[in-house]
Each structure stands twice: as structure tokens, then as C-alpha cells.
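Engineer: could you look at this predicted model? Sequence included:
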Amino acid sequence: MSADFFAAGYTEARAKFRAAAIARGCTLTAYLNPHAKGPNGEDLITDVAVAGPAGAKIGLLLISGTHGVEAYAGSACQIGWLKAARNDAWPPELKVVMIHALNPYGFAWNRRVTEDNVDLNRNFVDHSAPYPANGGYEQLKLGIAPPDLEPETLRRGSELFRDFIKEYGPFTMQEAVSKGQYAHPDGMYFGGTREQWSAGIVKHVVRRELAHCNRVGVIDFHTGLGPYGHGELISEEAPDSAAYTRAKAWWPDICSTAAGDSVSAAVLGSIDSCIPGLLLRSEVTMACLEFGTVSTFEVFLALRADNWLHTLGDPKAPEAAEIKAQIRAAFYPDQDNWKDMIWKRGEAVIIQAVQGLTAP
């Protein structure tokens with residue numbers, strides 16, 4: 001049953017992942033986050049499982065939990081892949097690297113962000129250079145990250161969104177909200193003003209495990225955009241680029257944020273923009289696999305409430321439980337039919353990547 005690959009939370013997911021990796025004969029490395037603890041004081045750890053020859057010339061990287069609360073799906077796909085019987089026929093020349101719960105704080109606390117309220121997928125920028133501006137966010141910041149959740153405050157924010165959409169359209173509004181900003185540490189989609197611990201971990205793992213590969217495929221698992229249970233493959237590459245041509249050959253239904261045909265707006269400082277630069281001697285083919293959950297509006301409301309709770313409220317207060325349940329449900333519909341759709345799509349996408357990597 002595909003539901004068996006899913007977990008109720010970070011601790012259970014970690015135990016399932018490690019057990020499956022050990023049973024598969026993988027090498028395991030645990031990276032302890034020294035900057036944060038879980039809601040019950042537990043250690044927060046990113047686990048990395050590696051299978052295949054050390055000197056392999058082709059490598060596959062699977063990442064879960066870049067956005068912590070989105071790790072339920074990615075973790076399940078990793079666990080399912082480790083447990084699938086068909087993987088007894090893994091190509092012997094292939095090295096598989098799995099980063100489980102890249103942002104363990106976000107997974108444990110059911111948050112999208114890191115312990116510093118940073119959106120990890122906006123953090124891969126040059127922190128020594130001036131940060132890019134986001135004028136749209138500045139116009140909408142009262143609606144995006146209000147000082148309280150009182151009805152009158154939220155009404156004024158809704159008016160800002162309404163007026164912005166009238167002038168610029170809904171997709172420009174989505175881009176303004178979500179592409180990333182570097183001026184408001186207590187706001188949403190904050191990219192940070194220094195490299196996050198989790199960003200350093202992914203850079204270390206990629207260089208250590210994949211630098212010797214001639215060809216590398218990367219799948220980063222996400223949830224929260226698109227129709228319920230649908231898995232959209234997303235590339236940030238321009239449609240006329242060699243990298244996008246390769247991705248299209250592997251995954252014919254992949255979309256491009258550069259072309260504007262994806263459910264996701266183009267973003268700043270993503271992990272996709274970072275990894276090819278770490279592997280300059282490798283041919284890197286990347287995709288984000290984005291699984292739909294609830295409506296974009298419901299996801300936004302959950303994120304906004306959670307941001308307020310952790311920056312201005314009290315995540316340990318009794319009333320916090322409703323907000324935490326809201327954000328968990330926005331990124332993890334705990335339903336068997338959704339889980340089945342996620343695993344089937346996830347397995348198929350991984351198989352396509354293996355076929356692409358091992359083709360002559």
C-alpha cells in the first residue's frame with residue numbers, strides 16, 4: 001500500500017527512511033542542525049542515503065523537505081523508491097543520493113521555512129551582492145504579512161490584493177507575493193541575509209557525492225500548487241536551452257517558469273539555480289515535482305496565519321493548534337487517494353530520470 005510510505009510527522013518519517021535505506025544497503029550520513037530543536041525539544045537531523053558505486057559517472061539526486069512541511073510527499077516517494085522491488089534492477093553504474101528532510105526544522109514544526117523564517121528555496125543567492133528588489137511585495141506587504149489577524153486588518157489587506165489584481169492581473173500578483181523578498185525578515189517568502197544551515201548541507205552533499213559524475217539528474221519534491229494530487233514537473237530553464245531540451249526528452253510534460261506555462265511563478269534564489277553551478281563539469285538535468293493539494297488561496301491563508309503565529313504570536317499557545325492543523329492540511333492532504341496519486345506519479349518520474357541518465 002502506498003499509504004505505508006507516508007508518515008504522521010518528521011520523527012516517524014525519519015525512522016521509516018532510515019530503515020528503508022539500511023534494508024536497501026545504502027550508506028547513511030546524519031547531519032545535525034545545531035541551530036534549532038523540534039517542538040518537543042528533539043534533535044533535528046537531515047539524513048543522506050547513498051547507493052551505487054563511489055566513482056559512478058552518472059548520478060541521481062532526490063531531495064525532500066526543501067520546504068519543510070512539504071516533505072510528507074517527498075519523503076514517501078524516497079521511502080517507496082527504496083522499498084520498491086523493481087529497484088533490484090537499478091543500473092549498476094548509477095549512483096543514487098537521497099537527501100531526506102533537507103529542512104528538518106520546517107518538517108518537524110509543520111512550517112515551510114527554516115528556523116530563521118527563511119524560505120530555503122529563495123536563499124541560494126549571492127549574499128555578498130545587493131539583494132534583488134521586489135516592488136510588488138512592498139505594495140502588498142500589509143496583506144501578505146499583517147500585524148494581526150483581526151477582521152479589519154485582513155479586510156484592508158484584501159483590498160490591496162483586489163486593487164493590485166485589477167491593475168496587473170492575478171499571475172503578476174502571485175509572482176509579487178511568492179518570487180522572494182530580502183527586506184522583511186518577519187515576512188513571507190523571505191530569502192534571508194545569510195546562507196542557511198540547510199543550504200550549506202545541500203552544497204556539501206552535492207559536491208561530495210556527485211562532483212565526479214559526468215551526468216546528474218535532480219528531482220526536488222514539493223507540494224502546494226496545482227490540482228489535487230496532480231504532479232507537475234517544473235523547470236526553471238529557458239525553452240531554447242540545452243538543459244531544458246534534455247529535461248523535455250526525459251519528461252515530455254515538463255513545464256518552464258521561464259516560458260510562463262507552469263503553475264509556479266519564476267522565483268529568486270532557488271535550489272534549481274544553485275546546483276548546476278556546483279557541478280560545472282557535469283551535465284545537470286533538473287526538475288521540481290510539484291504535487292497539488294488545495295486551492296492556491298487556501299495555501300496562502302495557511303502560510304499567512306503560520307507566519308503570523310511564529311513571528312508575532314505564540315506557537316506553543318493552545319490556539320496555535322488550529323493554525324498548525326491548517327498549514328499541515330494545506331501541504332499534506334492526509335487521504336489515501338492523494339497518497340496513491342503521489343506515489344504513482346513520483347515513481348514514474350524517477351523511472352523516467354533513470355532511463356534518461358542511462359540512455360546511450
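Structural biologist: That came in fine, so what should we check first? Residues are numbered from 1 along each chain as shown.
Engineer: which secondary element of this structure has the worst mean pLDDT?
Structural biologist: Confidence across the helices and strands of the chain bottoms out at helix 170-178, with a mean of 88, counting by mean pLDDT, DSSP states H and E.
Engineer: for that one, buried residues please.
Structural biologist: Within helix 170-178, the residues that qualify as buried by neighbour count (16 or more other Cβ atoms under 10 Å) are 173-178. The C-beta positions use only the backbone N, C-alpha and C, and glycine is treated the same way.
Engineer: that one: what's the following helix or strand?
Structural biologist: Helices and strands here follow DSSP states H and E; after helix 170-178, the next one along the chain is helix 197-210.
Engineer: quick one: contacts of that next one?
Structural biologist: Residues outside helix 197-210 that contact it (Cβ atoms under 8 Å, 6 or more residues apart in numbering) are 31, 33-35, 46, 48, 50, 59, 61, 63, 66, 95, 97, 99, 102-104, 114-115, 120, 123-124, 216, 271, 274-275, 278-279, 282.
Engineer: for the helix or strand following that helix, list the C-alpha coordinates in PDB.
Structural biologist: Reading on from helix 197-210 to the C-terminus, the next helix or strand found by DSSP H and E is strand 215-228. Presented in PDB, the C-alpha positions along strand 215-228 are these (Å, rounded to 0.1, in the frame of the first residue of the first chain):
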ATOM      1  CA  ARG A 215      25.700  13.400 -15.900                       C
ATOM      2  CA  VAL A 216      23.400  14.200 -13.000                       C
ATOM      3  CA  GLY A 217      19.700  14.200 -12.700                       C
ATOM      4  CA  VAL A 218      17.900  16.000  -9.900                       C
ATOM      5  CA  ILE A 219      14.300  15.800  -8.600                       C
ATOM      6  CA  ASP A 220      13.200  18.200  -5.800                       C
ATOM      7  CA  PHE A 221       9.800  17.200  -4.400                       C
ATOM      8  CA  HIS A 222       7.300  19.900  -3.400                       C
ATOM      9  CA  THR A 223       3.600  20.300  -2.700                       C
ATOM     10  CA  GLY A 224       1.000  23.100  -2.600                       C
ATOM     11  CA  LEU A 225       0.500  24.200  -6.200                       C
ATOM     12  CA  GLY A 226      -1.900  22.800  -8.800                       C
ATOM     13  CA  PRO A 227      -4.900  20.500  -8.900                       C
ATOM     14  CA  TYR A 228      -5.400  17.900  -6.100                       C
END
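Engineer: in stretch 149-168, what counts as buried?
Structural biologist: 154, 157, 160-161, 164.
Engineer: just give me the neighbour total for the closest residue to residue 311 other than its chain neighbours.
Structural biologist: Among residues not flanking residue 311 along the chain, residue 186 sits closest, at 4.2 Å (Cβ to Cβ, 6 or more residues apart in numbering). Look at residue 186: counted by other Cβ atoms under 10 Å, it has 13 neighbours.
Engineer: contact partners for residue 147?
Structural biologist: With contacts taken as Cβ under 8 Å, 6+ apart, residue 147 has the following neighbours: 153, 312.
Engineer: and it, how far from residue 170?
Structural biologist: Taking Cβ to Cβ, to the nearest Å as the measure, residue 147 falls 25 Å from residue 170.
Engineer: do the same with residue 352
Structural biologist: Plainly put, residue 352 is 32 Å away from residue 170 if you go by Cβ to Cβ.
Engineer: hey, where'd the strands end up in this structure?
Structural biologist: Along the chain, counting by DSSP state E, strands occupy 27-32, 45-51, 58-63, 94-100, 215-228, 231-235, 255-256, 283-292.
Engineer: thought residue 10 was touching residue 107?
Structural biologist: Yes: applying Cβ atoms under 8 Å, one finds residue 10 in contact with residue 107, separated by 4.2 Å.
Engineer: wait, residue 44 sits on residue 30?
Structural biologist: No: taking Cβ under 8 Å as the contact criterion, residue 44 and residue 30 are not neighbours in contact, 10.7 Å apart.
Engineer: re earlier: pull up the overlap in contacts between residue 10 and residue 107.
Structural biologist: Common contacts of residue 10 and residue 107, defined by Cβ under 8 Å, 6+ apart, comprise 71, 101.
Engineer: quick one, which of these two is more surrounded?
Structural biologist: residue 107 (30 against 27).
Engineer: gap between that one and residue 312?
Structural biologist: In this structure, residue 107 and residue 312 are 23 Å apart, going by Cβ to Cβ.
Engineer: over to residue 82?
Structural biologist: Using Cβ to Cβ, one gets 41 Å for the distance from residue 82 to residue 312.
Engineer: if anything else comes up later, I'll come back, but that's it for now.
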